[in-house]
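# just a sequence and a predicted model for now, questions to come.
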Amino acid sequence: MFDPIENPAKRRNRIENACSGIVASHWISLRHGPTQLPTVHLDQDLLVYRVDNGRLLASLQEEFSQRPAELTRLHQQEDKAETQELLHRLLLKKAADERGPILRELRRLKVQTEPLLVDATGVVINGNRRLSAMRQLLDEDPQAYTRFKRPLVAVLPASVSRTEVEYIETALQLAPETKLPYGWVDRRLKLRQQIDVLGLDPDWVKEAYRLDSRETLEQELSQLSLVETYLNDLCKAPNQYSIVAACEQLFQKLQQQLEELSSDLREPWQAIGLLLIQQRRHLAPTFDRQFPFEAAINNAMPTLILQRLVEEGQFQLGLQSQPSRLKRRHRRRIVGEVLQNQEPKRLARAVESAVEETRQQLRQERVPSRVLHHLQVSKRLLEKLTPETLNSSERFEMKAEAEAIQGRLRLLLADNQSSTATSMAQGLWRLQRRLRRILFKPED
């Protein structure tokens, strides 16, 4: 931490000398209107964190909830080293907040991009988090972050009042943001323009947009391609991007699942997925939580759903039997029937039903394998136990459960049982289990 000069008059004199001869060029809005301020590089010991920083109000109230007198003292001793250390700790935490990652950005850039705003005595009015981040990085690596030794600041006139300072902070920090954020389609159009039209290096674009990998960049461009296929082929409304303004997550999820499919399945499922997006108002509210917007239960699921739809007559492929892989003409036939279907709502609902029925079928088929897995795990755990590790109650419970499991396994593994006999045996098994627990319960 950099200890400030505790005498405000000394700080004021040094700052005044530093500003001497500097042409005011930095615009800021004061209550009486826009004003130009001088900007100058100042030593770290001239800069003081501001206790009244709006971002710290809640943190300081919480810190001193049981010691209100300490909070009062903090305001009176703003430039003391202990106060500044406390403020530095709180501000650094906020500088690392991922909702506004100033620390991460400065670590990456290694340069200050806009001046701090300070009063005539060096108290920081705007830029406290940035200052804490610069000091932290300078402490970590003085050579790499040498530019942060003397931050650039814009200095307010000495005549600016406390009320004026509050107005400035509110105008800079708390007023509504006037920048309109990019829409999700606008962002992807800009990415494509920079790469395909302007010829910018994709790695440069990735870095500029803070993307974590080239793969993420490719995914965003693929989502844009999916949007344009949707607008052109299903909506018959090229370039009408406002149609998909509220559908970002649907296109993201669909694109992610399409990447996981084999080449013979990707084309038909793209068309079906886009149909579901188009008809989403006629589907269950949870349709986007199932394939093709969420991962399939297993690799066979996409093929099984298509087979079910063919068997139900939703797609006319003229097949005598179900092939292991769809041929190109079959894929094109499915895509064509999806795009040209005269009853898209009916087809979308049929797909929704087929997805749900196939999911239920696969879950039922998985039950025996899950039971076998749990039996194998239980067997390994039992091998670790010895008789002396069990008390009487545990011994009784284990015996009852073991006999119940044995009875159930005999029932499941028996050959040539009729449904009536099976039902009777199940009832008898349940009765035996209840009687065992009642009759052989150990005494307390």
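Okay, I see it. Numbers count the residues shown, from 1 in each chain.

# and Ala425, what pLDDT?
pLDDT for Ala425: 52.

# let me fix that, I meant to ask about Thr146.
95.

# what number of residues lie near it?
11 (other CB atoms under 10 Å). Where C-beta positions appear, they are placed from N, C-alpha and C, glycine not excepted.

# next: Leu381.
Neighbours of Leu381 using other CB under 10 Å come to 9.

# which strands and helices sit next to the host helix or strand of it?
For Leu381, the host element (DSSP states H and E) is helix 344-382. Under the contact criterion of 3 or more CB pairs under 8 Å, 6 or more residues apart in numbering; DSSP states H and E, helix 344-382 touches helix 263-278, helix 301-311.

# what residues of the shortest one count as buried?
Going back to what we said before, that points to helix 301-311. 301-310 (16 or more other CB atoms under 10 Å).

# roughly how far out does that helix sit from the chain middle?
Distance of helix 301-311 from its chain centroid, counting by CA atoms, centre = their mean, to the nearest Å, is 33 Å.

# quick one: contacts of the helix or strand that it is followed by?
For helix 301-311, the following helix or strand on the C-terminal side (DSSP H and E) is helix 328-339. By CB atoms under 8 Å, 6 or more residues apart in numbering, the residues outside helix 328-339 that reach it are 233-234, 264, 267-268, 270-272, 274-275, 306, 314-317, 319, 323, 326, 347.

# buried set for helix 328-339?
In helix 328-339, counting by 16+ other CB under 10 Å, buried: 330-331, 333-335, 337-338.

# specify the angle between it and helix 344-382 in degrees.
Using axes from the mean of the first three to the mean of the last three CA atoms, to 10 degrees, the inter-axis angle of helix 328-339 relative to helix 344-382 is 120 degrees.

# run the chain-centre distance for helix 328-339.
The mean C-alpha position of helix 328-339 is separated from the chain mean by 35 Å, CA atoms, centre = their mean.

# kindly export that helix (C-alpha atoms) in CSV.
Coordinates of the C-alpha atoms in helix 328-339 are reproduced here as CSV (Å, rounded to 0.1, in the frame of the first residue of the first chain):
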residue,chain,number,x,y,z
ARG,A,328,-28.1,-37.8,-48.2
ARG,A,329,-31.4,-38.1,-50.0
HIS,A,330,-33.2,-39.1,-46.8
ARG,A,331,-31.7,-36.1,-45.0
ARG,A,332,-32.8,-33.8,-47.7
ARG,A,333,-36.3,-35.3,-47.8
ILE,A,334,-36.7,-34.6,-44.0
VAL,A,335,-35.5,-31.1,-44.4
GLY,A,336,-37.8,-30.4,-47.3
GLU,A,337,-40.8,-31.8,-45.5
VAL,A,338,-40.1,-29.7,-42.4
LEU,A,339,-39.6,-26.5,-44.4
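
# by how many degrees do it and helix 263-278 diverge?
Using the same axes, to 10 degrees: helix 328-339 against helix 263-278 is 0 degrees.

# on that earlier part again, name only those of the contacts of helix 328-339 that count as buried.
233-234, 264, 267-268, 270-272, 274-275, 306, 314-315, 317, 326, 347.

# which of those lies closest to Arg67?
Lowest distance from Arg67 to the buried ones among the contacts of helix 328-339 (CB to CB) belongs to Leu274, with 61.1 Å.

# how about that closest one: what's its closest non-neighbour residue?
Tyr230 (4.7 Å; CB to CB, 6 or more residues apart in numbering).

# so where's the stretch 251-400 of the chain uncertain?
318-324, 365-371, 373 (pLDDT under 70).

# surely Lys384 is in a helix?
No: using DSSP: H, G, I helix; E, B strand; the rest coil, the assignment for Lys384 is coil, not a helix.

# any idea how far it lies from Leu347?
55 Å (CB to CB, to the nearest Å).

# hmm, back to that, kindly reformat the buried residues of helix 328-339 as CSV containing distance to Gln76.
Formatted as CSV, the buried residues of helix 328-339 follow (distance: CB to CB, whole Å):
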residue, distance to Gln76
His330, 81
Arg331, 76
Arg333, 81
Ile334, 76
Val335, 74
Glu337, 78
Val338, 73
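
# wait, which of those is closest to Leu57?
Val338 (56.5 Å).

# that older thread, in a markdown table: the buried residues of helix 301-311, plus distance to Asp196.
Shown next, in a markdown table, are the buried residues of helix 301-311 (distance: CB to CB, whole Å):
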| residue | distance to Asp196 |
| --- | --- |
| Met301 | 35 |
| Pro302 | 31 |
| Thr303 | 35 |
| Leu304 | 39 |
| Ile305 | 35 |
| Leu306 | 34 |
| Gln307 | 39 |
| Arg308 | 40 |
| Leu309 | 37 |
| Val310 | 38 |
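
# for Ser29, give me the backbone phi and psi.
phi -90, psi 120 (degrees, to the nearest 10).

# what sits closest to it if chain neighbours are left out?
Per CB to CB, 6+ apart, closest to Ser29 is Ala171, 5.7 Å.

# likewise Glu70?
Using CB to CB, 6+ apart, the closest residue to Glu70 is Phe64 (4.9 Å).

# for the stretch 101-250 of the chain, just list every one of the strands.
Assigned strands in the stretch 101-250 of the chain, in chain order: 116-118, 124-126, 152-155 (criterion: DSSP state E, counting those that start in this stretch).

# make TSV from those and add distance to Asn17 to it.
Shown next, in TSV, are the strands of the stretch 101-250 of the chain (distance: least, CB to CB, whole Å):
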stretch	distance to Asn17
strand 116-118	15
strand 124-126	19
strand 152-155	11
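
# can I see the domain layout of this structure?
8-174, 185-361, 389-444 (automatic domain parsing).

# of those domains, which approaches Ser378 most closely?
domain 389-444 (9.0 Å).

# quick one: the helices in the stretch 51-200 of the chain?
57-63, 68-76, 81-95, 102-109, 128-140, 162-169, 184-192 (DSSP state H, counting those that start in this stretch).

# if we can go back for a sec, turn the domains of the chain into TSV, including distance to Ser378.
Output for the domains of the chain, formatted as TSV (distance: least, CB to CB, whole Å):
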stretch	distance to Ser378
domain 8-174	43
domain 185-361	25
domain 389-444	9
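
# follow-up on the earlier one: and of the strands of the stretch 101-250 of the chain, who's closest to Lys93?
strand 124-126 (16.8 Å).

# before we move on, what's the pLDDT of Leu428?
54.

# show me where pLDDT drops low in the stretch 51-200 of the chain?
173-181.

# ok, now with 80
99-100, 162-163, 167, 169-182 (pLDDT under 80).

# and Gly54, how far from Pro285?
Noted for Gly54: a distance of 40 Å to Pro285, by CB to CB.
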